[in-house]
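Participant: Just a sequence and a predicted model for now, questions to come.
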Amino acid sequence: MQPFANILPQELQSAPVLVTGFIALLGLILWTAGVKVAKPLAASLFGAALAAAAACYLPAMISIDPLLASFIGLALGLLIGIMAFRAVQGLILAGCLAFLAAGTFYHWQVTSHPQAPSKTVTVLDPHSTLGRVVESLPANIQITAKVLIARWDAIPVSLRQSMIVIAAGVAILAIFVSWLLPKFTTWFMSAVGGTGLILWGGLALLAAYLPQYEHLVPQDAVTRIAMVLCMVGIGLAVQYFYFWPGRREKKERAKDHVGEAAPA
């Protein structure tokens, strides 16, 4: 990759900028044509991610060449992305909606029915299963995981149970809908996900290279939500009218049928 990076201007050769630009570009592709390219794109990303992970970790566990390990990871990732796309899509949708539903319920409860926080502070046992999993993570991810666990333990038990029930119900419903309507699920998820990636990458690049224009970004929540909804709606419309699978073929068949039915 370095020879290709050397072609770019000096200020664009740093990895964070390349990653941020790639994320924004990926979001643009999903936003405009996700309903058509989501499956091959997911297979490619799964393949690249598992190839990198296998090349880093597999040689340390078994005696294997890193290049061969990367090919094994690539093949496995491509297989998962192609064969299990519908299942992975359903799980992602279920996780996102479950988190959103539980978070919305929590926000409503703490604002409308404030409860006393839990007085007990749970110390993560390093010898427990969860403790061993957290300790095996990189240092920066360990900190985030411990903070999330501490915040979860600070929520009252009754509220935690309600959040789990709501999240589980929403997740089951989302998996059912995604399995029943896979194309519409891909259509919706690619528009929403593409919007998120475009905004995240675009704002990061704006803050890094054009900070003098950051004041133009809306600050109030209502305007930001309206902007996101507008972008999602535009993405849905672009995908439906220009990239919906089979739509162009149907139009061409309809034109041919009209041409054949017209009198000579």
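Facilitator: Thanks, I have it.

Participant: Could you pull up the contacting residues of A52?
Facilitator: Going by CB atoms under 8 Å, 6 or more residues apart in numbering, A52 touches 70, 73. In this view, the C-beta of every residue, glycine as well, is placed from N, C-alpha and C.

Participant: Please report how far it lies from I72.
Facilitator: 12 Å (CB to CB, to the nearest Å).

Participant: Same check on G194?
Facilitator: For G194, the distance to I72 - CB to CB - is 31 Å.

Participant: out of these two, which sits in the more crowded spot?
Facilitator: Remark: of G194 and I72, G194 carries more neighbours, 25 against 16, as counted by other CB atoms under 10 Å.

Participant: Which of the helices or strands spans the more buried one?
Facilitator: Assigned by DSSP states H and E, G194 falls within helix 182-209.

Participant: now do A87
Facilitator: helix 85-112.

Participant: That helix: which residues count as buried?
Facilitator: 85, 89-90, 92-94, 96-98, 101-102, 105-106, 109 (16 or more other CB atoms under 10 Å).

Participant: Check stretch 64-77 too.
Facilitator: 69-70, 72-74, 76-77.

Participant: For that stretch, what does the pLDDT average out to?
Facilitator: Mean pLDDT, computed over stretch 64-77, is 87.

Participant: and it, how far from the chain's centre?
Facilitator: 24 Å (CA atoms, centre = their mean, to the nearest Å).

Participant: same deal with stretch 164-183?
Facilitator: 17 Å.

Participant: for it, which positions count as buried?
Facilitator: 166-167, 170-171, 174-175, 177-178.

Participant: Can you name the two of those residues that sit furthest apart?
Facilitator: The most widely separated members of those, counting by CB to CB, are I166 and S178 (18.4 Å).

Participant: Quick one: the strands in the stretch 151-264 of the chain, in order.
Facilitator: Counting by DSSP state E, counting those that start in this stretch, the stretch 151-264 of the chain has no strands at all.

Participant: What is the burial count for H215?
Facilitator: H215 has 7 nearby residues by other CB under 10 Å.

Participant: Check it and give its pLDDT.
Facilitator: H215 carries a pLDDT value of 86.

Participant: Next up, the contacts around it.
Facilitator: Contacts of H215 (CB under 8 Å, 6+ apart): none.

Participant: Ok, V88 next?
Facilitator: Counting by CB under 8 Å, 6+ apart, V88 makes contact with 42, 80-81.

Participant: same check, this time on I92
Facilitator: M189.

Participant: C56 now?
Facilitator: Here C56 is in contact with no residue (CB under 8 Å, 6+ apart).

Participant: Which secondary structure element is home to it?
Facilitator: C56 belongs to helix 15-61, assigned by DSSP H and E.

Participant: which residues of this protein score low on pLDDT?
Facilitator: 1-17, 113-127, 130, 137-138, 247-264 (pLDDT under 70).

Participant: So which elements touch the stretch of helix or strand I72 belongs to?
Facilitator: With secondary structure defined by DSSP H and E, I72 is part of helix 66-83. Contact partners of helix 66-83 among helices and strands, from 3 or more CB pairs under 8 Å, 6 or more residues apart in numbering; DSSP states H and E: helix 15-61.

Participant: Compute the inter-axis angle for the helix it packs on and helix 182-209.
Facilitator: For helix 15-61 against helix 182-209, the angle by axes from the mean of the first three to the mean of the last three CA atoms, to 10 degrees is 120 degrees.

Participant: L93 is in contact with T185, correct?
Facilitator: Yes - T185 is within contact range of L93, at 6.2 Å (criterion: CB atoms under 8 Å).
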